[in-house]
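J.: can't give you the sequence, but here's the structure:
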């Protein structure tokens with residue numbers, strides 16, 4: 001059997017999620033993101049394409065690094081207005097049966113006790129189709145608007161997140177025993193209190209003494225996504241992530257090196273090489289002929305906002321790109337924001353990027369690889385990245401919404417299915433089973449979630 005490619009639809013609850021300026025494209029529907037029908041239609045579309053999940057990115061602040069002002073981001077709709085990432089999921093789940101949902105939520109700005117309840121609730125409501133994309137948040141505007149004087153230093157955010165994960169693992173995996181809910185009508189006992197345990201967590205960053213508020217959901221712990229690219233981020237992923245999103249790899253050699261490193265780190269963390277599914281981001285531009293695909297690509301590029309993208313890239317990297325000559329090369333620098341986005345342009349092993357080139361590349365799908373061609377050519381590229389580059393699947397990033405998804409599902413998915421590289425039916429109903437195999441509903445025993453201490457009396 002050929003290697004099976006996995007797919008997620010990558011978006012965000014905003015006007016032009018990851019391609020500033022594309023809201024002006026005549027076929028773009030991003031302005032409807034406040035309409036619930038937009039989301040239910042999107043979920044049905046991606047399920048028709050047999051995607052694993054709707055991957056919902058998120059931030060909690062405005063991009064205000066560029067020219068030390070939010071004006072460019074606001075003017076060009078650079079992820080603002082930005083709506084909540086969780087609230088549409090129940091509606092999407094109600095009109096679908098198999099596709100999963102991977103919302104981004106910050107481990108820096110959401111208390112672990114609250115997050116654990118929110119995701120357990122969603123896992124119940126979706127019947128086990130929820131993932132959590134773990135982020136530590138890179139915008140200073142998030143920090144100051146959520147009550148901090150300044151942004152927490154990059155490495156400390158990851159140290160804090162590491163303890164955060166232990167707290168939510170204790171709540172999800174160890175607080176409630178299997179069978180705690182007895183619903184015994186005869187004796188009038190709904191839940192056996194002897195099978196519900198306080199976690200008694202007291203650490204450097206968090207104190208959470210009590211029990212989880214929610215009985216075990218189908219998956220208990222949601223599928224764990226993460227996108228760290230720094231040394232701290234990759235170490236965190238090796239320990240915690242079940243699926244890793246990246247936009248770093250720009251060719252097969254870089255992808256092979258990245259996947260090899262992540263899998264080796266996972267093994268050193270006591271896990272198996274295939275315990276982490278690796279999803280490079282791609283922006284597919286598909287035409288029935290090469291000429292049509294190239295024309296679509298040129299048209300999409302014509303709508304990219306240079307200033308809007310410069311504002312987004314400045315926010316991603318924490319460096320004000322307005323201060324640079326567009327023709328100078330991007331240089332590496334210390335930053336408290338996203339190390340990965342800066343390294344992509346400042347430390348590439350394949351080319352040197354000018355500021356102008358970096359901005360233009362970043363403006364169509366946050367710098368992800370563009371795959372332009374006929375359905376067969378796009379399928380060839382994906383199969384090469386999967387089989388030679390050792391990717392497990394791809395986060396399909398929209399240029400125009402939902403045209404990118406529609407074209408890919410109509411034109412490329414049938415080619416992959418015909419070649420035996422992509423499912424024709426879902427394997428199961430829960431997200432973890434669709435990613436890892438039938439009957440693998442719960443997180444594996446070798447994962448950190450199963451190893452956290454302090455609750456030795458709990459039998460789960």
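T.: Looks like it arrived, so ask away. Owing to the predicted nature of the structure, the values given are computational and were not obtained by experimental measurement.

J.: wait, doesn't residue 29 sit right on residue 398?
T.: No. Residue 29 is beyond contact range of residue 398, at 10.2 Å (criterion: CB atoms under 8 Å). C-beta coordinates here come from the backbone N, C-alpha and C atoms, glycine included.

J.: and those two? which has more neighbours close in?
T.: residue 398 (26 against 17; other CB atoms under 10 Å).

J.: Can you tell me, leaving aside adjacent residues, what's nearest to the more buried one?
T.: residue 404 (4.3 Å; CB to CB, 6 or more residues apart in numbering).

J.: gap between the one you found and residue 42?
T.: Going from residue 404 to residue 42 by CB to CB, to the nearest Å gives 12 Å.

J.: Those two: who's more crowded?
T.: Taking neighbours as other CB under 10 Å, residue 404 and residue 42 compare with residue 404 leading, 27 against 22.

J.: OK, contacts around the more buried one?
T.: 283, 284, 285, 396, 397, 398 (CB atoms under 8 Å, 6 or more residues apart in numbering).

J.: nearest to residue 316, of those residues?
T.: Comparing the contacts of residue 404 against residue 316 with CB to CB places residue 397 closest, at 14.3 Å.

J.: With adjacent residues omitted, what lies nearest to the closest one?
T.: That would be residue 365: by CB to CB, 6+ apart, it lies 4.0 Å from residue 397.

J.: Residue 444 now?
T.: Residue 444 sits nearest to residue 275 (CB to CB, 6+ apart), 6.7 Å away.

J.: sorry, back to before: which pLDDT value goes with the residue nearest to residue 398?
T.: Per-residue pLDDT puts residue 404 at 97.

J.: helix/strand/coil for residue 279?
T.: When classified by DSSP: H, G, I helix; E, B strand; the rest coil, residue 279 comes out as strand.

J.: What is the burial count for it?
T.: Count around residue 279 with other CB under 10 Å applied: 25.

J.: What of residue 448?
T.: For residue 448, using other CB under 10 Å, the count is 17.

J.: per-residue confidence for it?
T.: 96.

J.: just residue 98 next, same as before
T.: 98.

J.: ok, now which ones touch the residue nearest to it when sequence neighbours are not counted?
T.: Nearest residue to residue 98 in three dimensions, chain neighbours excluded: residue 426, at 4.1 Å (CB to CB, 6+ apart). By CB under 8 Å, 6+ apart, residue 426 lies in contact with 50, 98, 434.

J.: Angles on the backbone of residue 314, please.
T.: Main-chain torsions, residue 314, degrees, to the nearest 10: phi -60, psi -40.

J.: What of residue 370?
T.: phi -90, psi 130.

J.: give me the number of residues near it?
T.: 17.

J.: can you check the one 10 residues further on too?
T.: Residue 380 sits with 15 neighbouring residues when counted by other CB under 10 Å.

J.: What of residue 293?
T.: Residue 293, neighbours per other CB under 10 Å, totals 23.

J.: now the helices for the stretch 101-250 of the chain?
T.: Assigned by DSSP state H, counting those that start in this stretch, the stretch 101-250 of the chain shows helices spanning 112-125, 140-145, 154-169, 231-240.
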